[in-house]
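In: the following comprises the amino acid sequence and a computationally predicted model.
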Amino acid sequence: MDPSTGVDNEANRTDKSVNSNQLNMKQAHVLSTLAALAVGLNLQAQNLGNATEVASNQSGFYHPLALAPAENESAGSGGGGEDESDEELAKQAQNPVAKLISVPFQNNFNFGIGPNNAVQYVLNFQPVIPITLSEDWNLITRTILPTINMPSPAPGIRSAFGLGDLNPTAFFSPAKPSKLIWGVGPTFTFPTATDPMLGNGKWCAGPAIVGLYMDGPWVIGALANNQWSFAGWGSKNVNAMLIQPFINYNFKHAWYLTTAPIMTADWTASHDNMWTLPLGGGFGKIVRLGKLPINIQLSAYWNVVTPKDFGADWQLRFQFQFLFPK
């Protein structure tokens, strides 16, 4: 559901500053570094606006994860107190093409990989930055940079730790809010992995699309992309698809139920290693540290179909996402 697309999941040279008066001393000690980064991203997005997930098997062992779905500004939000504001933020955090700056940290634990039943850990840092192009169009950039710990999945295969391949996606989306929201644009994979086991060693590109419907407590949609390799030093060509349907039901006080399975297909693999089809779900809530809203989510997915050789049996996903509404 999550998406990410993905996407998956950007260099900032803008001066960063944090208004320490908005946070108490204990919160400032924990959040100062992250808040400085996020404010820099916010300033860059505003300046650009004023001026104008490879899907499966990145390597034999790493399967990229789409960005958890993030939400568009809804008409008639009104001012009904903090609970109502947080309920609206929960919906915005469920739309991949939201006009909302967010900085998610998605923790993924993939269990039961290979004969050694290895547990792979993937931390996806995946900032989402909206850029206003005109009164009618927004550009939503979503970038995924994974940090991966891959223990040995089988005898004779070494373990690996480091950065994976960078996966930026750009969605062009209508600026005016409505119940039906969509976005379309390119997605890429850059071979930034620090270990050959953690990436393909290929430059990849392809189309990405997202569509969703919002009505009352429901946020329902899907994100999809397909990428092909066109250059690089890796021995295996890439032709991979990712589809992430998502269904969210929102409750009072900013609680919600969610399902966002990440389905992948490696079209170059044999039939019994081609598909990953998970089934599951979880829950989430908007909480606050001082005035800073944070989307916290926990979910679990069982892989009904998984690659025979080195596919995971199931996945536990925990995410905390810093939100910066305008």
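Out: Cool, the structure landed.
In: now the residue nearest to Trp267 when sequence neighbours are not counted: how far from Lys291?
Out: Here the nearest residue to Trp267 in space, its sequence neighbours aside, is Asn239; by CB to CB, 6 or more residues apart in numbering that works out to 4.3 Å. Where you see a C-beta, it was placed from the backbone N, CA and C, and this is true even at glycine. The gap separating Asn239 from Lys291 is 46 Å, by CB to CB, to the nearest Å.
In: circling back: what's the residue nearest to Trp267 in contact with, if anything?
Out: If you count contacts by CB atoms under 8 Å, 6 or more residues apart in numbering, Asn239 has them with Asn226, Gln227, Trp228, Ser229, Asp266, Trp267, Thr268.
In: that one pairs with what?
Out: Beta-bridge partners for Asn239, by DSSP bridges, are Trp228.
In: what helix or strand is Trp182 located in?
Out: Element membership of Trp182, judged by DSSP states H and E, is strand 180-189.
In: check Gly206 too.
Out: When elements are defined using DSSP H and E, Gly206 is found to belong to strand 202-215.
In: tilt between that strand and strand 180-189?
Out: For the pair strand 202-215 and strand 180-189, the angle between their directions (axes from the mean of the first three to the mean of the last three CA atoms, to 10 degrees) equals 170 degrees.
In: name the strands paired with strand 202-215 and say parallel or antiparallel.
Out: strand 180-189 (antiparallel), strand 218-232 (antiparallel).
In: what pLDDT does Ala90 get?
Out: Confidence per residue is given as pLDDT, and for Ala90 that number is 95.
In: and for Lys99?
Out: The score at Lys99 is 89. That number is its pLDDT.
In: surely it is in contact with Ile131?
Out: No. With the criterion set as CB atoms under 8 Å, Lys99 and Ile131 do not qualify as a contacting pair; they are 9.5 Å apart.
In: list residues touching both of the two?
Out: When contacts are counted by CB under 8 Å, 6+ apart, Lys99 and Ile131 have Asn138, Ile140 as shared neighbours.
In: quick one: low-confidence residue ranges for the stretch 201-326 of the chain.
Out: Within the stretch 201-326 of the chain, no stretch has pLDDT under 70.
In: at 90 instead, please
Out: In the predicted model of the stretch 201-326 of the chain, residues 325-326 satisfy pLDDT under 90.
In: where do the helices sit along it?
Out: Counting by DSSP state H, counting those that start in this stretch, the stretch 201-326 of the chain has no helices to list.
In: show me where it has strands.
Out: Read by DSSP state E, counting those that start in this stretch, the stretch 201-326 of the chain holds these strands, from start to end of the chain: 202-215, 218-232, 239-250, 255-259, 263-266, 275-289, 292-305, 314-324.
In: partners of the fifth one in the sheet?
Out: It stands for strand 263-266. Listed by DSSP bridges, the sheet partners of strand 263-266 and their directions read strand 239-250 (antiparallel), strand 275-289 (antiparallel).
In: do you know which of those lies nearest Ile181?
Out: strand 239-250 (12.5 Å; CB to CB).
In: what angle do the closest one and strand 255-259 make?
Out: 150 degrees.
In: now strand 239-250: buried residues?
Out: Burial within strand 239-250, assessed by neighbour count using 16 or more other CB atoms under 10 Å, is assigned to Asn239, Ala240, Met241, Leu242, Ile243, Gln244, Pro245, Phe246, Ile247, Asn248, Asn250.
In: since that was my last question, I'll sign off now.
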